[in-house]
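Participant: I would like the atomic coordinates for the input below:
(2 chains)
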Amino acid sequence: MKDKRDIVDKAINALKNEPVGAGPPKEVLGLVAGKLSEAGARVKAGASGGNIKIFGLMKAAVAAALLIVAGYTVARLTTPLPPDTEQLHHALESSLKSSLTPAIREELLEELEKRWQLALAGSYVQLTEELRQQLRNDMNEFGMQILTASGVVTNQRLRELIEAVNTAQSQERRWFAAALGQIELNRRVDTAQLRNDLATFAVQTGDELVRTKQEVARWVEYGCGDISVPDESKDFEQWNERSRK
Amino acid sequence: MRKHGPAVWQTAYRLLGNEADVADCFQETFVCAFEVSRRQRIRKFPALLTRLATTRAINRLRQRIRQSQHRAGQADLATLPSGNPGPADQAEGRELAAKLREAIGQLPPREAEVFCLRCLNDMSYRQIANEVGIRAGAAGVLLHRARMRLREILEPAAVKNGK
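Facilitator: Numbers count the residues shown, from 1 in each chain, chains lettered A, B, ... in the order given. Down below sits the predicted model:
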């Protein structure tokens, strides 16, 4: 591969290194200069011919421009008048109204109905949910109020009950006190009565004793003679009077 | 012409190796350059002259080969006389150079042009692309193909000559 490459490079180097010479000889230069001068002269001649050509082209361009302008002017002058747009508009409007309005109206109504139904269907669920929620909230609130109110009433009732119990207890205490008072009174009355009865009994017993003594004395007297017996009946009557007082 | 003449002469001489052909090529190059300068604005005159000289030289080479083939049948590079037959045409380098000239003449015109501009005139790929009117990548491809073909052409000749 290296050899293969080298051969081309070698050939290139050999070609480059070949002696070339100082430059073109003078004859060649002169010849070329002559050729170039001829070419230059041809160019100048061609240029004038070219100018003529350019002038002709310009004439053609001007003629074309004039033709275009003339054609435009003729077209502008011969164009028909523009139609009466208002009249056309009215005619179109009336025809469109008569032909399209019923169909459009019907379509619009159908469209509206469909949209309403869709909207209602869509909102039905939402409304139901909202109502449920509202009901739930109201029930909760009511329940809370009930509970609160029942709590208050219950407390009140309890208070009333307590008061009633206290009242009843107080009444019972009063009754007991009254009963005890009455018992005390009765006891006192009974005691007084008993005292009186005892006193009476004592008096009667004394009288009986006196009588008995008198009788005994009489018996004795009948039996024994004349024995003096103290008069105790007078002493006993004085003791009864003192006790009655 | 005085300023760029030597470079144009050198380019043409390298390829043609024959003063008569080189003089014709020289003349054609400048006349063509003059015509081109009338039609369009020339930015780099030396590059244009180099390209025109190379193209004209390659055309002459191809013409020479066709004439040789017509005269001698199948062209045999090993035996084909060099463009500048001289008494001292014995050196290996001269022989190789002559073979290379002939080989360049056998290449397709575009490949030969790119090869000469790159290898003999040391122009860059971008310069070649600008002058020839192709992309730099395409110039590289053309050069590679030219080298491959030249190798194919030169090797058998070298082998035949006992290389």
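Participant: can you tell me the average pLDDT over whatever helix or strand A:Thr200 lives in?
Facilitator: Counting by DSSP states H and E, the element that carries A:Thr200 is helix A:85-224. On average, the pLDDT along helix A:85-224 is 90.
Participant: Output the contacting helices and strands for that helix.
Facilitator: Where contact means 3 or more C-beta pairs under 8 Å, 6 or more residues apart in numbering or on different chains; DSSP states H and E, helix A:85-224 is packed against helix A:232-244. Where C-beta positions appear, they are placed from N, C-alpha and C, glycine not excepted.
Participant: and the helix holding A:Thr200, how far from the chain's centre?
Facilitator: Its chain's average C-alpha position is 37 Å from that of helix A:85-224, according to C-alpha atoms, centre = their mean, to the nearest Å.
Participant: again, but for stretch B:126-134
Facilitator: So, by C-alpha atoms, centre = their mean, the centroid of stretch B:126-134 is 17 Å from its chain's centroid.
Participant: is that stretch up against chain A anywhere?
Facilitator: No. Using C-beta under 8 Å from any C-beta of the partner chain, we find that stretch B:126-134 stays clear of chain A, coming within 15.7 Å at best.
Participant: List the buried residues in that stretch.
Facilitator: B:Gln127, B:Ile128, B:Ala129, B:Asn130, B:Glu131, B:Val132, B:Ile134 (16 or more other C-beta atoms under 10 Å in any protein chain shown).
Participant: If you count contacts, what does the biggest helix by length in chain B end up packed against?
Facilitator: When chain B is parsed with DSSP state H, its longest helix is helix B:45-72. Under the contact criterion of 3+ C-beta pairs under 8 Å, 6+ apart, helix B:45-72 touches helix B:5-16, helix B:19-39, helix B:92-106, helix B:109-115, helix B:125-132.
Participant: ok, back up a step: which one of the buried residues of stretch B:126-134 is nearest A:Pro25?
Facilitator: A:Pro25 lies nearest to B:Glu131 out of the buried residues of stretch B:126-134, by C-beta to C-beta, at 27.5 Å.
Participant: Just list the residues touching the closest one, thanks.
Facilitator: B:Glu131 sits next to B:Ala47, B:Leu48, B:Thr50, B:Arg51, B:Leu117, B:Met123 when contact means C-beta atoms under 8 Å, 6 or more residues apart in numbering or on different chains.
Participant: What separation do you get for the fourth one and chain A?
Facilitator: For B:Arg51, the distance to chain A under the criterion C-beta to the nearest C-beta, to the nearest Å works out to 18 Å.
Participant: And the closest residue to that residue other than its chain neighbours, what's its pLDDT?
Facilitator: Closest residue in space to B:Arg51, ignoring its immediate chain neighbours: B:Glu131 at 4.6 Å, by C-beta to C-beta, 6 or more residues apart in numbering or on different chains. Per-residue confidence (pLDDT) for B:Glu131: 88.
Participant: and the gap between B:Glu131 and B:Arg145?
Facilitator: Distance, B:Glu131 to B:Arg145, by C-beta to C-beta, to the nearest Å: 19 Å.
Participant: Ok, B:Ala129 next?
Facilitator: Taken as C-beta to C-beta, the span from B:Ala129 to B:Arg145 is 16 Å.
Participant: quick one on the thing from earlier: which one among the contacts of B:Glu131 gets closest to chain A?
Facilitator: Using C-beta to the nearest C-beta, B:Leu117 is the member of these that lies nearest chain A, at 12.5 Å.
Participant: which residues touch that closest one?
Facilitator: In this structure, B:Leu117 makes contact with B:Thr50, B:Arg51, B:Thr54, B:Met123, B:Gln127, B:Ile128, B:Glu131, B:Val132, judged by C-beta under 8 Å, 6+ apart.
Participant: again, 10 Å this time
Facilitator: Counting by C-beta atoms under 10 Å, 6 or more residues apart in numbering or on different chains, B:Leu117 touches B:11, B:47, B:50-51, B:54-55, B:123-125, B:127-128, B:131-132, B:139, B:143.
Participant: among the residues you listed, who's most crowded?
Facilitator: When these are compared by neighbour count (other C-beta atoms under 10 Å in any protein chain shown), B:Thr54 ends up highest, at 29 neighbours.
Participant: Please name the residues that touch the residue nearest to that one when sequence neighbours are not counted.
Facilitator: Nearest residue to B:Thr54 in three dimensions, chain neighbours excluded: B:Cys116, at 4.6 Å (C-beta to C-beta, 6+ apart). Neighbour list for B:Cys116: A:12, A:15, B:11, B:14-15, B:50-51, B:53-55, B:57-58, B:61, B:104, B:107, B:123, B:128, B:146 [criterion: C-beta under 10 Å, 6+ apart].
Participant: cool, and B:Val8?
Facilitator: A:23-24, A:32, B:1, B:22, B:25-26, B:29-30, B:33, B:46, B:49-50, B:52-54, B:56-57.
Participant: Just the buried residues of those residues.
Facilitator: Judged by 16+ other C-beta under 10 Å, buried ones among these: A:23-24, A:32, B:1, B:22, B:25-26, B:29-30, B:33, B:49-50, B:52-54, B:56-57.
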